[in-house]
Each structure stands twice: as structure tokens, then as C-alpha cells.
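In: structural data only, the sequence is not supplied:
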């Protein structure tokens, strides 16, 4: 798709400096951009690169007022870049039909305009919505449903009884609905507790490669609408993740924990089971969350502390050896004073 | 399966208060349970919900003596719930046969009453026990064996030469027998050390989704009987995990380490290579184990300390800035005293 | 393959003590080795096992000068073991051809002497080099290329537009080219930023089971030649990993970070986005890297500190409660002294 620079300016509510009539057909990084492409500079420190790029135009912040090539000036260049990229890279969905080398249960209910690649398995009583794309190696277990416009990338496994909403994206290797990790000790033996619940993934959720979402023991594991989960994340049985939350790579969330709306868990965070994290909470990378976290705050550390409290403490951590040395020295000086005082006392 | 409440009481060694003749067909959570279902209350704090559930009966602890619906009173409600759930959700195995769209080597030895879904690959000289279930996308490399009643969920990869016991469950995306991570530097280049060992998984092991178990360099990586491993765990080459141990999600165990029997490693624990963890050890979440851990103790922290020692130290951690301030202040006061004493000394 | 002991000695530049004419056909661990096999002792503490092994010969360090069986004496027994193992376990590549139950685009360009197993998918305009092996369940998206002699193990997913070099090994469940984790907030909603870049994996890279490598937003995610990545690692969009670097299991590298050449990141390390790690840096297990790390140093801790600084500080950590107690006690003694001095002052 091609757009004039002035059309893009309208699309992102910006202004053009230079020739607004030039045509833009793509977006690229400042180093790779070529003619007919637009690039962007989000931080002032990259402004010197403005004169080196081969891009035909550059998205910049409103402070920039001149350059030797056309500029698109906006309040937030990164946001405008994302908007322009979305516009120019948009490709309308084209159904490719159903390959013959698949296994689809005769009892499955199939929508229209599907794209089903070879080596896909769809079990009994499944329901597949319109315009769904199932890549090679996708497994959809019996009694599952997938909402319209969803995309399951290669080798995704969806266990039986799973409910997946509309416009959901599951990347390669995602596993949804595997058994929760539940055992009870009988002496030293671990006796498996049957996991008879299910997983519900609501509309507009995206889940990254090789992430795992376990089915509930009883009831449901729920990923609410708009949640975005990165790669290699573990979501245990009976967890709920609230709307629009962001779960970064390699996070682990233990059983029955409830994450609020609009929460951000940064990379490699671990959360224990049976707790609640309030709305709008942000938890820093590698933190360990061991108890309920009240809403609207940032936390970091393992165990997690309020953000500023942790920062103050961790700054002192490298000074521990020095503090210990000081302490020993102080004790010596103190002892000496006490002896002096004691002997002077006797002198009197 | 339906059972009378009095039959369930017998099964879990409990007593009925109310009508023991009512029939129970399923188990559900206290919020979701409906007529003919039983639910349970494991903690006294949920007792107020007793009057709100639609369940036909409730498993409670022996302290509860009355309610407006039939009760099943037991010593440990959670254990009784697990036992009742196991009884009522039991479904006898029904072989589905071997799909025609599979690749099975003519030299593979197949047991009877198998369930082999489409798109399964079984290599040369494999041995598949009776009543084994292989879901779509399962790969079993040559010279491997799988014991009777085992279940391999979709897209499991078993490399060549792997030995899998009876009643083993491997969830989707599990990889068993991939090469151990072994290189030797030749200048700056990393030269691969051939990994010619194998993996043995003993009876009654369950391994969670997307977990990886590497083959040994020489010899074997061994998962002993009754071990339960959660999702996204890494087990490196030549590791041994002792009987009935519990390995929670996202744990990483480095090469040649030996984990004892009945050990619990909580979520995201990391263990270095070439060490031993004794029997019955429990290691807290996110801990880093850097040396041998003697048996029968709890550890936590990175590097891991005995449980109580860590708790005492981590409690002081947020007070570090205050301690540092106190220390500086004390030094000033001390200096003042020393000057006073010195001047008084001169005065005399 | 069989070799005389004296031939092996020549191969590793060592000397034989005993009968150099004996034939060796394999390598095994000291406990498992049998007749015709060679084993090795890398550490003096295992020397007592020398008399117990059934191996026909033993690789030892040059300090060992006698034993009741033939010895191969070398400067570095572990290195020599790796060399001998590589020699004896070498199997020349044998192409198995292309199975009929695959889906290969008519526009794909295929090299010669291929091994393509059943249930493989190769998309439009792909290029597959000579002697490539694709195991069952491998997916290669359109416009991708795979260099000669590369091996993709079962259920690997390669998204469209990926470039893979020569002699690359991707273990089971690896995902290459999945979308980077990029969203921009529109109010509370997360709007997906299209990820239109790609992944390039250079020659001689090996990537472990279930590791994920995301495609770039714009431009490329690059794994440079000779890099070795372990299992369950997350490599985010626009990351570059420099030549010959070693990335151990469960490491997570955030977006746009640049890792130098010959770097080692130990297990479970987390690295934030948009930073640079210099050449030859080593980062200890479970560390959290939050800012640029200068070259040629070791770091550890979360946040990461220079290695010695961290070790000194962490050694004091368990003594925190004692330090706090001492501090309180010192304050009391100080107060007492101050009171004494004050009263004596008045006395005068």
C-alpha cells in the first residue's frame, strides 16, 4: 500500500515539513530504510543520524523543525511509527481453504473462509469460527471452540474442552489446557489429582511461543480479553489474568493466583499461588511475589518490595563488606573508650 | 459414575451428617457445583460459603457438625476431595486403534490395544507397550521403548534410544533426549562434544508441557520412578532425579547433578552442575543452589541458605539504608567522644 | 570405527603407557565402559576408580605414570576425551530422501541428498540446501532459506522470511521468527505493533530444545556464527548475539540488546532491553543485567555487579541479623558513655 506523506500526517495527527506529496510504501529502521520508505527517531540522541538515512521521510518529535528531507512532526514519534506501520503493512485476510491432508472430525462445526494447513487435527465436537487460520501441526482436542479471525501458528496444542475467543493469536509451540500440577502425598508417593477443569482465553489475547497454560483442577483458568503474554511463560491451574495485562517472557504464575487488570509482570517474575495482585500493578524483572500486592503500585525484588524501598536497599547491598568492617572497628574504639572511662573512674 | 454419599464416606473413611442415600455424580468448586455434585471446604475461612453453594453435599473437616445440607466429615478434606474426584472422574481406557495416516517402521514392535492418532512417527526398532496412547504430532525416534499404559500428548518429541517406563505421562511439547549442552573451546571456537548417552524415564513419571530432558554425554540421564515434573523445566545431561521428587515449573538443573529421593524444588529454582541434593530436601522458589545440600532440610535464597537463616537475613534487607545511616551517625558520635576524652585527658 | 590406542595417541598428541596395539571401538563413562572401550579421568579425585573400570584403556593426565591397564597420557584429559569421542562416534551422513507424506511448495528450491521425514511442511519460495535433514513435524514458512548440512529436529517451527546458515542444528520445539513482543497503549488497550523484520541465524549455530527466537520489529534479530544456545532460552526482537557466545538454559534476553563476541551467559540470567554486553564478558547464573557491561569481565548478582564485588557482599548477607543486633547494642553502649561523660562533665 502506498500513501502520500500528507495522508500519513493526517492519519497520525501530525504536520509535514517539506514535500507532503511524496509517496511512502513502507517503514524501515533508520539504517535500513531506502527510497519510498519512512523511518522514525524516537529519542533526541539519534538525531545526528537524520542526515545519514536513505529514507524518503522521517517521523520526528515536534521540536525538530528542519532537515534536508521531508519530516513528519508529531507529539509521540514512537506511537506515530506504530500507527503508520500498522497502516502500511496491513494485508487483508485471504482464505486458503482446507488442505486435504488433515484430520477433522465429522462432528466438528466449521465456519467459513477458513485456512487450514496440512497435518492439522481437529477433534470431535469442536467449533471453528469464520476466517480462522490453523497452521501445520496444530492440534485442537475434542469439545474445544475457536472464535473467528483467530490464528494458531505451527505446532500449537490445544487440549480438549478449551474455549478460545475471537482474534486470538497463539504462537508456535503454545500449549493450552495441559493438566495442572496437582498431587497429594500418600506416604512418599505422589498421587495425581485429576484435573477436570478447563481453560478460557477471551477475545484479542496474544500468547507467545512455547508458553504453557494449564487447565484448572476444577473450574477454569482464565486469560481475560486483551491480555498479551510473551514467550515461555507458565500459567498454572486456576489462575486468572485480568484484562489488558502484560506478561513478559519467562514469567511463572502459580496456581489459583488472581492477577488484576492492566498489570505488568516483567521478565522472569515468579508469583506464588493463591494470592491476588491488584489492578495497574507493575512488577520489576526477576522479582518474586510471595503475598498479595495492593493496586496501583510498582514492586521489585525477591521477595518483592515497593519499588523505591527496594532501590534504596539494593544500593546499600554492595557496601555491606565496608559496613561490616566499620562495625568491627567501631566496636574496638568503643571498647577502648569504655576501658578509658572505667580506669579514669577508678583514678578518681 | 454415580455413588451414594454413604459409599463415598466409606471410600475416604469419613462420616455422614444428613442423608447418606443421596447420589453424587461429580465434583465441582464451591461456586460452580450444582445438584448431584459434591464440593469441599479445606480451610475454615471458607465455611461461610457453606450456605451458598448449590452442591448436594460438602466435604468438610470433622470440626463441622451441622449445616442445611448433607456433610461428609473427614480428617483431611483436601485429601478426601482428591480421593473422591479420582473415584468419580475415572474413565476406563478405550483403545481407539491406529490411524492410517501415521509413519510406523516395519521393524517397530507394537503392543496391543493401542491408540495412535494421525501424524505420529515411530522409528526403527522401537517398542511400544500395550495400551499406549500417542497423540497427533508425536515423534518417537529409533531404538526407543515406551512402557504400557503411557500417554504422550500432542507434539511430544522423543529422540532415539530413549527408554520410557510404564504409566508415564508426557504433556504436549515435551522434548526427551535432545543433545546435552557440551562444547570444548578450541581457541574461541566452540567444538561440539558428541552426546552419545541416553535418557531413561522410569515408571509413573509425569512431565509437564514444554519441559526438556537432555540425553547424557555418556551414560544416562535418569528420571526415577514416581517423579513429577511441571512445565518448562530444564533437565541437563547426566542429571539423576531421585524417586518421588517434585520439580516445579521453570526449574533448571545443570549437568551431572544428582537430586535425591522425595526432594521438592519450587518454581524457578536453579541448580548448578556436578552437585548432590540429599533426600527430602525442600528448596524455596527462585533459589540458586551452588553446592551440595545435606538431606532433610529446607533451603532458600540465591545462593541458597538454610531456610531460617535466609528468612532472618532477608527481613533485615529492607532496613539496610537505615542501618547505614545509623552507622554514619554512630561514627560521628564516637569521634566526638574520643575528642572529648582526649581534651579532658590533656586538661588533667 | 575402530582405532589402535597408539593411533588415538597420535590424534590427541599424547603418549601411551602399556600396549599401544590394542583396539578401541568406543568411549564410555568409567562405570559403564566395557572391553574395547576407552574412558577418561579428568580429576585426580577419581584416580582410585582406575583399578575398577572394565575399560580397555584410560585417558589420564601426564602425572599418572602407571596402572594395570594401558594409559593414554595427555595434557588435558577432558579435551582429549572430547577429541577421541568425536573421532570414534563419527558417522558419515547418509541421505534418506524425501518421504511422500510431506507438503513441499512447488516454488521451493531443493538441494540434493536431502533427508525429509513425513509430516514436514516447506512453504513457497523456500530454499533448502544440500544434505539438509528435516525431521517429522518441521515447519518452514515461506521465503525462508536453510543452508547446507543443517539439521532441524522434530517439531521445529521456522516462521516465514527466516535465514538459516550452514551446519546449523535446531533441536526439537525450537521456534524461530515468532512475532516480537511489541504493543503500544491506546488508553488501557494494548495495540499490536506489526513485527515485519526477520531472523538471521549464521553458520555453525546450535540452538537447544524449546528455545524461542523472535523476529525483529524492523530489521533483523541476528544469531552470529558459532553461537551455542541451550534449551528454553528467550531471544527477543532485534537482539544480536555475537560470534561464539554461549547462552545457557533459561536465559532471557530482552529486545534490541546487543551481546558481544565470546560472551557466556550462565543459566537463568535475565538481560534488559536496549543495552550492550561487551566481548568476552561472563555473567553468573540467575544474574539480572540492567545496564551496559564493559568487555572482558565477570559479573554476577541481580542487579549484576563485578564478580568479586558481588562475592564480597553476598558473603556478608547472612550476617545481617547479627550486624543489626550489634548496631543496636553499640547504640546503647554509646548512649551510656555519653551520659557518663555528660554527668562527669557536670561533676567537675
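Out: Good, I have the coordinates. Being a predicted model, the structure only gives us computed values, none of them experimental.

In: quick one, phi psi at residue A:320?
Out: Backbone dihedrals for residue A:320, given as degrees, to the nearest 10, come out at phi -60, psi -50.

In: nearest spatial neighbour of residue A:331, chain-adjacent residues omitted?
Out: For residue A:331, the nearest residue in space outside its immediate sequence neighbours is residue C:330; the separation is 6.6 Å by C-beta to C-beta, 6 or more residues apart in numbering or on different chains. Where you see a C-beta, it was placed from the backbone N, CA and C, and this is true even at glycine.

In: gap between residue A:59 and chain B?
Out: With distances taken as C-beta to the nearest C-beta, to the nearest Å, residue A:59 is found 39 Å from chain B.

In: my bad, should have said residue A:113
Out: In this structure, residue A:113 and chain B are 24 Å apart, going by C-beta to the nearest C-beta.

In: before we move on, the earlier item: the residue nearest to residue A:331: neighbouring residues, count only.
Out: Using other C-beta atoms under 10 Å in any protein chain shown, residue C:330 has 19 neighbouring residues.

In: equivalent analysis for residue A:104, please.
Out: Using other C-beta under 10 Å, residue A:104 has 17 other residues around it.

In: just give the nearest non-adjacent residue to it, would you?
Out: The spatially closest residue to residue A:104, leaving aside those adjacent along the chain, is residue A:122, at 4.5 Å (C-beta to C-beta, 6+ apart).

In: which residues does the one you found contact?
Out: A:102-105, A:108, A:116, A:128, A:134, A:140 (C-beta atoms under 8 Å, 6 or more residues apart in numbering or on different chains).

In: which of these fall in helices?
Out: Using DSSP state H, no member of the contacts of residue A:122 falls within helices.

In: what is the nearest of these to chain C?
Out: Sorting the contacts of residue A:122 by distance to chain C puts residue A:102 at the head of the list, at 10.6 Å, by C-beta to the nearest C-beta.

In: report the contact partners of that closest one.
Out: For residue A:102, the set of contacting residues under the criterion of C-beta under 8 Å, 6+ apart consists of A:116-122.

In: hmm, which of the contacts of residue A:122 are the buried ones?
Out: A:102-104, A:108, A:116, A:128, A:134, A:140 (16 or more other C-beta atoms under 10 Å in any protein chain shown).

In: want to throw those residues into TSV with pLDDT and distance to residue B:282?
Out: Formatted as TSV, the entries for the buried ones among the contacts of residue A:122 read as follows, by pLDDT from 0 to 100; distance: C-beta to C-beta, whole Å:
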residue	pLDDT	distance to residue B:282
A:102	98	47
A:103	98	45
A:104	98	47
A:108	98	46
A:116	98	47
A:128	98	45
A:134	98	43
A:140	98	39
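
In: now intersect these with the strands, please.
Out: Secondary structure assignment (DSSP state E) places A:103-104, A:116, A:128, A:134, A:140 from the buried ones among the contacts of residue A:122 within strands.

In: need the residues of the stretch 101-250 of chain A near chain B, please.
Out: In this structure, the stretch 101-250 of chain A approaches chain B at residues A:101, A:103, A:119, A:121, A:137, A:139, A:141, A:155, A:157, A:159, A:173, A:175, A:178-179, A:181-184, A:188-194, A:196, A:210, A:212, A:214, A:218-219, A:232, A:234, A:236, A:250, judged by C-beta under 8 Å from any C-beta of the partner chain.

In: just the buried ones from those?
Out: Among those, those scoring as buried are A:101, A:103, A:119, A:121, A:137, A:139, A:141, A:155, A:157, A:159, A:173, A:175, A:178-179, A:181-184, A:190, A:192-194, A:196, A:210, A:212, A:214, A:218-219, A:232, A:234, A:236, A:250 (criterion: 16+ other C-beta under 10 Å).

In: out of these, who's near chain C?
Out: The overlap between these and the neighbours of chain C (C-beta under 8 Å from any C-beta) comes to A:101, A:119, A:137, A:155, A:173, A:210, A:232, A:250.

In: per-residue confidence for the fifth one?
Out: For residue A:173, the pLDDT comes out at 98.

In: what does residue A:344 give?
Out: At residue A:344, the pLDDT value in this model is 80.

In: what about it, which SS state?
Out: Secondary structure for residue A:344, judged by DSSP: H, G, I helix; E, B strand; the rest coil, is helix.

In: identify the residues contacting it.
Out: Not one residue lies near residue A:344 by C-beta under 8 Å, 6+ apart.

In: quickly find the element holding residue A:311.
Out: Here residue A:311 is covered by helix A:307-316, with elements defined by DSSP states H and E.

In: you'd agree residue A:61 is up against residue A:78?
Out: No - with contacts counted by C-beta atoms under 8 Å, residue A:61 stays clear of residue A:78, the gap being 9.7 Å.

In: span of stretch A:103-112 from start to end?
Out: With C-alpha to C-alpha, to the nearest Å applied, stretch A:103-112 spans 17 Å between its terminal residues.

In: sorry, wrong one. I was asking about stretch A:226-244.
Out: One end of stretch A:226-244 sits 4 Å from the other (C-alpha to C-alpha).

In: what of stretch A:182-191?
Out: Counting by C-alpha to C-alpha, the length from the leading to the trailing residue of stretch A:182-191 is 8 Å.

In: contacts for that stretch?
Out: Residues from elsewhere that reach stretch A:182-191 (C-beta under 8 Å, 6+ apart): A:192-193, A:195, A:217, A:237, A:255, B:78-79, B:82, B:86, B:226, B:228, B:243-244, B:246, B:261-262.

In: so which of these are in strands?
Out: By the criterion of DSSP E, membership of those in strands covers A:192, B:228, B:246.

In: can you lay out those as TSV showing distance to residue A:30?
Out: TSV is the format used below for the ones in strands among the contacts of stretch A:182-191 (distance: C-beta to C-beta, whole Å):
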residue	distance to residue A:30
A:192	55
B:228	51
B:246	51
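
In: which one of these is nearest residue C:201?
Out: residue B:228 (35.1 Å; C-beta to C-beta).

In: check that closest one and give its pLDDT.
Out: Looking at residue B:228, its pLDDT stands at 98.

In: can you report how many residues neighbour the residue nearest to residue A:196 when sequence neighbours are not counted?
Out: Nearest in space to residue A:196, with sequence neighbours left out and distances taken as C-beta to C-beta, 6+ apart, is residue B:89 at 5.4 Å. Residues contacting residue B:89 under the criterion other C-beta under 10 Å number 14.

In: against residue A:142, how distant is residue B:89?
Out: Plainly put, residue B:89 is 16 Å away from residue A:142 if you go by C-beta to C-beta, to the nearest Å.

In: kindly report the same for residue A:105.
Out: As for residue A:105, its distance to residue A:142 is 7 Å (criterion: C-beta to C-beta).

In: repeat that for residue A:48.
Out: Distance from residue A:48 to residue A:142, by C-beta to C-beta: 60 Å.

In: these two: who's more crowded?
Out: When neighbours are counted by other C-beta under 10 Å, residue A:48 and residue A:142 differ, and residue A:142 comes out ahead with 15 against 9.

In: interface residues of the stretch 51-200 of chain A facing chain C?
Out: Counting by C-beta under 8 Å from any C-beta, the stretch 51-200 of chain A comes close to chain C at A:78-79, A:82, A:85-86, A:89, A:99, A:101, A:117-119, A:135-137, A:153-155, A:169, A:171-173.

In: which of those fall in helices?
Out: The helices in this structure, assigned by DSSP H, contain A:78-79, A:82, A:85-86, A:89 from those.

In: please consider this matter closed, and thank you.
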